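A.B. asks: below: sequence and its predicted model.
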Amino acid sequence: MPIFKKLQSIYDKIDLATGMNLEVDKPYLLLLVPADSPDQDYTSGEWIALKGRKEVFDYIMNYVANGNYLLLKSFILSGGITFGNEVSIYTFARLCIEKFQYGTQEDLEHLDLMATDTAIVGNDPITDEELGRFYAKELTQKSK
């Protein structure tokens, strides 16, 4: 049995602030890796299925970006983001803030803090510069 039944939307819901389609029925699958995960390959964790970009963003900001999950090792999939093309929870949430204006500058600062606090490169926390490069790389990666 599928996680989501295929639904056909008969209308588009537009965000008045951005003029962009909200995609309220679009399904998303979040693959979450706990920050205290003993698995160094990051192949185990939790998953949650949600519908709608805004609902996913709100869920991430309220329940995932709290220091309990690795934002750079947790991923999101949807109809347009398939295996091999997944993006990190961090990149998805940051894009929602910057492109769709779902959050504020304070939300972005909080997201950055949670990403840098839970990401380790070698034995050192990730720097803001490395985080910026990570984000840029995910935005520009070619589809496989």
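C.D. replies: Yep, that arrived. Numbering: from 1, shown residues only.
A.B. asks: please count neighbours and contacts with C-alpha atoms only from this point.
C.D. replies: Fine.
A.B. asks: centre-most residue in the protein?
C.D. replies: residue 89 (2.3 Å; Cα atoms, centre = their mean).
A.B. asks: pretty sure that residue sits against residue 69.
C.D. replies: No: Residue 89 lies out of contact with residue 69 (Cα atoms under 8 Å); the separation is 9.7 Å.
A.B. asks: between these two, what contacts are shared?
C.D. replies: By Cα atoms under 8 Å, 6 or more residues apart in numbering, residue 89 and residue 69 have no common neighbours.
A.B. asks: near residue 103, how many residues? Count them for me, please.
C.D. replies: 17 (other Cα atoms under 10 Å).
A.B. asks: cool, residue 96 as well?
C.D. replies: By other Cα under 10 Å, neighbour count at residue 96 equals 18.
A.B. asks: look up how far residue 89 lies from it.
C.D. replies: Separation of residue 96 from residue 89 (Cα to Cα, to the nearest Å) stands at 11 Å.
A.B. asks: equivalent analysis for residue 53, please.
C.D. replies: From residue 53 to residue 89 the distance is 12 Å (Cα to Cα).
A.B. asks: my read: residue 28 touches residue 75, true?
C.D. replies: No: using Cα under 8 Å, residue 28 is not in contact with residue 75, being 10.3 Å away.
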